[in-house]
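[1] Test case, fold it:
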Amino acid sequence: MTENFMGLDGFEFVEFTGPDPAALAALFEAMGFTHVATHRSKDVRRYAQGGINFLLNMDTAGQAAEFRNAHGPSANAMAFRVQDAGRALTIATERGATPVTGPVGPMELNIPAIEGIGGSNLYLVDQAGEHEIYDIDFRPTGAGVDDRSVGLHTLDHLTHNVNRGRMSHWAEFYERIFGFRQIRYFDIEGQSTGLFSKAMTAPDDKIRIPLNESQDEHSQIEEFLRA
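    Model prediction:
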């Protein structure tokens, strides 16, 4: 096991955006998530179930809007929980990560972030102490986290589909910045298409990132990346 020099402790949230937010909201609710809070100054909702947090960003300006315009319905950001977000940002930057900044409203947290895959944001969030980030930046709706629960409780992995020839680049990114290691490698041949896959895991063993790369231009991975 590699050293957990970033103080990683699982996923904090995944942020989604899309041209039809009502469709995404309906999908989240069908999966057992409840709208538990709304951002104080931005058009962002928090959906939760168990220990999983999804943010639905409907802002018409900023990174989410730009990502939505470029990619349609998509995950424009994710967050790793860390012991000390400021320290983690310093380490990540020293290891070659590109820090990103955005507008911060009055009485709003300034959450450190670096540039992730495809221009997404990768946030570094302090472990919950007396208050969670949602206590400060969001107003609760009064609904309970598990009001609609179907039994989901933990987010254990997020898959990245990468352009051909880029799997090693992103594997090295997670190794260098966060201390990930490869735990599996697959060379999968189908009847008409195939793929390569590297399963990467963080030192905390709570964050896993499978990297998938198509072997040809006709696969579902390539179709997804072209969309």
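[2] The chain: strands as residue ranges?
    8-17, 34-39, 44-49, 52-57, 74-82, 113-115, 121-126, 138-140, 160-162, 181-189, 194-201, 208-214 (DSSP state E).
[3] Show the pLDDT at G144.
    According to the prediction, G144 has pLDDT 95.
[4] which residue is nearest the middle of the protein?
    M78 (2.1 Å; C-alpha atoms, centre = their mean).
[5] how near is it to M58?
    From M78 across to M58, the span is 18 Å (C-beta to C-beta, to the nearest Å). For every residue, glycine as well, the C-beta is placed using N, CA and C.
[6] With T201 instead?
    Taking C-beta to C-beta, one finds T201 at 33 Å from M58.
[7] how many other residues sit next to the closest residue to I136 other than its chain neighbours?
    Spatially, and ignoring its direct neighbours in sequence, I136 is nearest to L109 (5.5 Å; C-beta to C-beta, 6 or more residues apart in numbering). Counted by other C-beta atoms under 10 Å, the residues lying close to L109 total 16.
[8] Give the buried residues for stretch 159-167.
    Within stretch 159-167, the residues scored as buried using 16 or more other C-beta atoms under 10 Å are H160, N161, V162, M167.
[9] what mean pLDDT does it have?
    Mean predicted confidence for stretch 159-167 is 89.
[10] Just the terminal-to-terminal distance for it.
    Length of stretch 159-167, first residue to last, C-alpha to C-alpha, to the nearest Å: 12 Å.
[11] With stretch 8-25 instead?
    29 Å.
[12] cool, stretch 66-84 as well?
    29 Å.
[13] List the residues that contact the closest residue to R184 other than its chain neighbours.
    What sits nearest to R184 in space, not counting adjacent residues and going by C-beta to C-beta, 6+ apart, is A199, at 3.8 Å. A199 makes contact with Q182, I183, R184, Y185, F186, R208, P210, L211 under the criterion C-beta atoms under 8 Å, 6 or more residues apart in numbering.
[14] show me what contacts the last one?
    Read that as L211. T159, H160, V162, M167, W170, A171, S197, K198, A199, M200.
[15] Can you add distance to Q63 and give those residues back as CSV?
    What follows is those, written out as CSV (distance: C-beta to C-beta, whole Å):
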residue, distance to Q63
T159, 21
H160, 18
V162, 20
M167, 25
W170, 20
A171, 25
S197, 28
K198, 27
A199, 28
M200, 24
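[16] now, among these, which is nearest to S74?
    H160 (12.2 Å; C-beta to C-beta).
[17] For that closest one, which residues are in contact?
    Here H160 is in contact with I117, W170, I209, P210, L211, N212 (criterion: C-beta under 8 Å, 6+ apart).
[18] Show the pLDDT at the residue nearest to the third one when sequence neighbours are not counted.
    This means I209. Counting by C-beta to C-beta, 6+ apart, I209 lies nearest to M200, which is 4.6 Å off, once chain neighbours are set aside. Listed pLDDT for M200 reads 97.
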